[in-house]
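J.: Build the 3D model from these lines:
(chains A and B, ligands or ions: 3)
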Amino acid sequence: MLSIMPNIEDKTRPRISGLSRGARILRGLSLVIPATVLALMFLTAIFADLAWIGLPDVGLSPYHPNDQVLKERRLPPAFIEGGSTEHLLGTDNLGRDVLSRVIHGARVSLSVSLLVIFITATIGTILGITAGYLGGRIEGFIMRVVDVALSFPGLILALLLATIIGPGYMTVVIALSALGWAGYARLTRGESLRIRQSDFVAQARVNGASTSRIMLRHIFPNVLNSLIVIMTLAVGMMILAESMLSYLGIGISAPTASWGSMVADGRNDLDRAWWISTFPGIAIGAVVMSGNFLGDWIRDKMDPRLRQL
Amino acid sequence: MTDVILEARDLKKYYPVTKGLLQRTIGWVRAVDGISFTIERGKTLSLVGESGAGKTTVAKAVLLLEKLTSGSILFEGKDIYRFSKSQLKMEYRPRVQSVQQNPWSSMNPRMRVRDIIAEPLVVNTKRTKEEIRSRVLEILDQVGLAPNQVDYYPHEFSGGQRQRIAVARALALNPDLIVLDEPVSALDVSIRAQIMNLLKDLQDQYNLSYLVIAHNLATVRFMSHTVAIMYLGEIVEFGEAEELFTRPLHPYTRALISASMLTLPEDEDKGVEKIILSGEMPSPLNPPPGCRFHTRCVEATDKCSKDVPEVREIGQQRVKCHLYADPSVRSAVSKGPDAGPAGK
Ligand SMILES: Nc1ncnc2c1ncn2[C@@H]1O[C@H](COP(=O)(O)OP(=O)(O)O)[C@@H](O)[C@H]1O
Ligand code: SF4
Ligand SMILES: [Mg+2]
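T.: Numbers count the residues shown, from 1 in each chain, chains lettered A, B, ... in the order given. Ligands and ions are numbered 1, 2, ... in the order given. Model (predicted):
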């Protein structure tokens, strides 16, 4: 039988005309810069020190983040008069090296963020797809819980948890996860409702595919795009939330370095030692913005119909 | 005796129309209103009518995607609504497959062609990966696609190629009956014939039975064995394709033939003007009384708006129109050669 090579028949498929050179460069940069920033932050977090592979004295961090040298308090950064290359970003009010603390803070901030995103996205997606595809009473129940979670004041829950189990790493993770899944559930439920109506799901039913197969093989891969976009956007949001909780003293507590607690520590010294708060603040801003830019870029790129551009 | 693979008896599908917060039912959309047909093994029945006539609803009923309001569907003599879950899975689903109208939405955009075609095999059989692989390549060849195309995603193909993939998927399980809902209407006119020819070849090769749905008579002319013309949920004319095309009886059929640019035999001789189908099909929510077609029929009489016409057998054809009801009106059919029982 005759064989037809790709696209011989195809003269009608629209091709989106080329972007201008300038626009292409901008588009490229909007990927390269945020991706680089995030990659560097992750590498920093991983290689802050190598204690986790049994090499406690090697790593990116020049000092131990909690080592105090009281004689060397509030030393300015190296590029300012009075600063030295011993402490590139200066020292804080207890004489701890700011650079080392920012580097170790990356570890806390990023790992909280990733852990929370993983937990919330998993729970939210399972519930959202189940509600969207099955419908009926199950959907009614799940969506009611979602409504409650979305309208519940997160800060109050965090305060409550902090009082009950005390502030700390897991408190932050639980506080952010307990309500955070609801957003994913709402998103994936909406998408599932739409995909459920589609011809290819009807086709799968004609073929006799089981409910679980349809949810796993047909619905899930098609919500993945939006899911990835939302997850990328959440990196920044979760870091901001963790910082806020730590700033308020609910989250990661002293002496452990996290970006939020560092900003909080330095706020009384803003007039005489601005660098204590500013550098962790810049780190937060850089990661949040990179996450948002990257999320937008992925959203533009992920649509399979636009993918071949 | 003819070998009937599928028989539909008096199918009805009414969709409730609801209103307000309480979802009170205020009426019924009579999408399909009492139609019957049979499909013979290895043959094609075409269901033709304008958009909204209820064709897709019939297809969905056969594919068990929609529950009927009443009526029954017999597959090889067995009522499919009486099948148990396991009987459906063993005896019905794998043997009745479908090709949908829109090749852009009928495939999961996140699956490769390989997995799209393999899905019926994976779901319904216990074949090994290797067996499935070779079966996929085999069918791909039969529908005229190259083996190296299995790793592409659907969006990388044109409409015609996608429809070939859809046909391949429908063939995977060696079905007996394939329901094709407007298989070419979403495609470029230039490639419609290719797909229709492919379907015809496959039918001859595998003795497949088709239920083909179309809104354009010309599309199905050369592949149909029998044709049912649908209007507002009813079959208004039913007959052997050759007869129906050369001797259309119902005014609606004649109008459809006109609309699809097929020339009526007698038009050629007498230079009769084309019958223009004016206006829109009325809503199935409030079908017109009497003959449902009377609002647009060029031959309508007073009787047509009052009395529902009965189905008459004229030769091998069945037609639902007053023109053929009693001998006194048959003069009105002078345009139809050999019409009426006298033609037998
Ligand atoms: N799920 C539904 N709910 C209510 N009305 C429907 C539904 N599906 C189809 N209909 C109505 O039934 C009629 C027949 O539709 P359909 O079978 O899709 O026609 P066709 O395929 O011939 O164009 C149309 O008037 C349509 O609006
Ligand atoms: S019954 Fe009357 S209105 Fe209906 S198709 Fe026949 S002639 Fe036309
Ligand atoms: Mg239709």
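J.: could you give me the average pLDDT of the helix ranked longest in chain A?
T.: When chain A is parsed with DSSP state H, its longest helix is helix A:98-134. Summarised as a single mean, pLDDT over helix A:98-134 is 93.
J.: same thing with stretch B:149-158?
T.: On average, stretch B:149-158 scores 92.
J.: Is any residue of that stretch near chain A?
T.: Yes. Remark: stretch B:149-158 sits within contact range of chain A at B:149, B:152-153, B:155-158, by C-beta under 8 Å from any C-beta of the partner chain. Heads up, the C-betas are built off the backbone N, CA and C, glycines and all.
J.: tell me how far the ends of that stretch are from each other?
T.: From its first residue to its last, stretch B:149-158 covers 12 Å (C-alpha to C-alpha, to the nearest Å).
J.: Distance from the chain centre to that stretch, please.
T.: How far stretch B:149-158 lies from its chain's middle: 28 Å, per C-alpha atoms, centre = their mean, to the nearest Å.
J.: again with stretch B:284-291
T.: 22 Å.
J.: Please see if it touches ligand 2.
T.: Yes. Stretch B:284-291 lies within reach of ligand 2 by C-beta under 6 Å from any ligand atom, at B:Cys291.
J.: I'd like to know which elements the longest helix of chain A is packed against.
T.: helix A:21-47, helix A:136-151, helix A:169-196, helix A:220-247, helix A:259-266, helix A:275-302 (3 or more C-beta pairs under 8 Å, 6 or more residues apart in numbering or on different chains; DSSP states H and E).
J.: got the angle for the last one vs helix A:21-47?
T.: Pointing back at helix A:275-302 there. Angle of helix A:275-302 versus helix A:21-47, following axes from the mean of the first three to the mean of the last three C-alpha atoms, to 10 degrees, is 120 degrees.
J.: Then the third one?
T.: Orientation note: helix A:169-196 sits at an angle of 140 degrees relative to helix A:21-47 (the same axes, to 10 degrees).
J.: quick revisit: quick one: closest of the helices and strands packed on helix A:98-134 to ligand 1.
T.: For ligand 1, the closest of the helices and strands packed on helix A:98-134 is helix A:169-196, at 13.6 Å, according to C-beta to the nearest ligand atom.
J.: Could you point out the helix or strand that follows the closest one?
T.: Moving toward the C-terminus from helix A:169-196, the next helix or strand (DSSP states H and E) is helix A:199-206.
J.: now the helix or strand following that next one: how far from the chain's centre is it?
T.: Moving toward the C-terminus from helix A:199-206, the next helix or strand (DSSP H and E) is helix A:211-213. Mean-position distance between helix A:211-213 and its chain equals 30 Å (C-alpha atoms, centre = their mean).
J.: Please apply the same query to stretch B:225-237.
T.: Going by C-alpha atoms, centre = their mean, where stretch B:225-237 is centred and where its chain is centred differ by 9 Å.
J.: Go through the longest helix of chain A and flag the buried ones.
T.: Neighbour-count burial for helix A:98-134 flags A:98-117, A:119-121, A:123-133 (criterion: 16 or more other C-beta atoms under 10 Å in any protein chain shown).
J.: now the angle from it to helix A:220-247?
T.: 140 degrees.
J.: I'd like to check the angle between helix A:98-134 and helix A:136-151, please.
T.: 150 degrees.
J.: Up against ligand 1, what does the stretch 151-300 of chain B have?
T.: Counting by C-beta under 6 Å from any ligand atom, the stretch 151-300 of chain B sits next to ligand 1 at B:Pro284.
J.: residues from the stretch 151-300 of chain B in reach of chain A?
T.: B:152-153, B:155-161, B:164, B:169, B:188, B:191, B:201.
J.: where does the stretch 101-250 of chain A come near chain B, residue by residue?
T.: Residues of the stretch 101-250 of chain A lying near chain B (C-beta under 8 Å from any C-beta): A:198-200, A:202-210, A:213, A:217-218, A:221-222, A:224.
J.: Give me the buried subset of the residues you listed.
T.: By 16+ other C-beta under 10 Å, those give A:198-200, A:202-209, A:217-218, A:222, A:224 as buried.
J.: out of the helices and strands packed on helix A:98-134, which comes closest to B:Ile229?
T.: helix A:169-196 (33.6 Å; C-beta to C-beta).
J.: Show the low-confidence segments of the stretch 151-300 of chain B, by residue range.
T.: B:261-276 (pLDDT under 70).
J.: just the strands in it please.
T.: Assigned by DSSP state E, counting those that start in this stretch, the stretch 151-300 of chain B shows strands spanning B:177-181, B:209-214, B:226-231, B:234-240.
J.: circling back to that earlier point, quick one: closest of the helices and strands packed on helix A:98-134 to B:Pro287.
T.: Among these, if distance is taken as C-beta to C-beta, the winner is helix A:169-196, at 31.0 Å.
J.: Is there contact, residue-wise, from the closest one to ligand 1?
T.: No. Contact of helix A:169-196 with ligand 1 (C-beta under 6 Å from any ligand atom) is absent, the minimum separation being 13.6 Å.
J.: Which strands and helices lie in contact with that helix?
T.: Using 3+ C-beta pairs under 8 Å, 6+ apart, helix A:169-196 is in contact with helix A:98-134, helix A:136-151, helix A:154-165, helix A:220-247.
J.: Of all the residues in that helix, which ones are buried?
T.: Applying 16+ other C-beta under 10 Å to helix A:169-196 flags A:169, A:171-189, A:191-193, A:195-196 as buried.
J.: Centroid-nearest residue for the chain?
T.: Went with chain A since none was named. Centroid-nearest residue in chain A: A:Val235, 1.2 Å away (criterion: C-alpha atoms, centre = their mean).
J.: Chain B, not that one
T.: Geometric middle of chain B (C-alpha atoms, centre = their mean) lands on B:Ile213, at 2.6 Å.
J.: Can you verify my assumption that B:Tyr14 contacts B:Thr25?
T.: No. Counting by C-beta atoms under 8 Å, B:Tyr14 sits too far from B:Thr25 to count as a contact (10.0 Å).
J.: ok, these two, which is more surrounded?
T.: B:Tyr14 (17 against 10; other C-beta atoms under 10 Å in any protein chain shown).
J.: Double-check that that one belongs to a helix.
T.: No. With DSSP: H, G, I helix; E, B strand; the rest coil as the criterion, B:Tyr14 is strand rather than part of a helix.
J.: and the nearest residue to it once chain neighbours are set aside, how far is that from B:Pro284?
T.: Leaving aside its sequence neighbours, B:Tyr14 sits nearest to B:Trp28 (C-beta to C-beta, 6 or more residues apart in numbering or on different chains; 4.1 Å). The gap separating B:Trp28 from B:Pro284 is 9 Å, by C-beta to C-beta, to the nearest Å.
J.: and if you look at B:His294?
T.: From B:His294 to B:Pro284 the distance is 15 Å (C-beta to C-beta).
J.: What about the residues of stretch B:149-158 next to chain A, which one has the most neighbours?
T.: Ranking those using other C-beta under 10 Å puts B:Phe157 first, with 25 neighbours.
J.: Surely that one touches B:Ile165?
T.: Yes. Using C-beta under 8 Å, B:Phe157 is in contact with B:Ile165, at 6.8 Å.
J.: okay, and the common contacts of those two?
T.: B:Val113 (C-beta atoms under 8 Å, 6 or more residues apart in numbering or on different chains).
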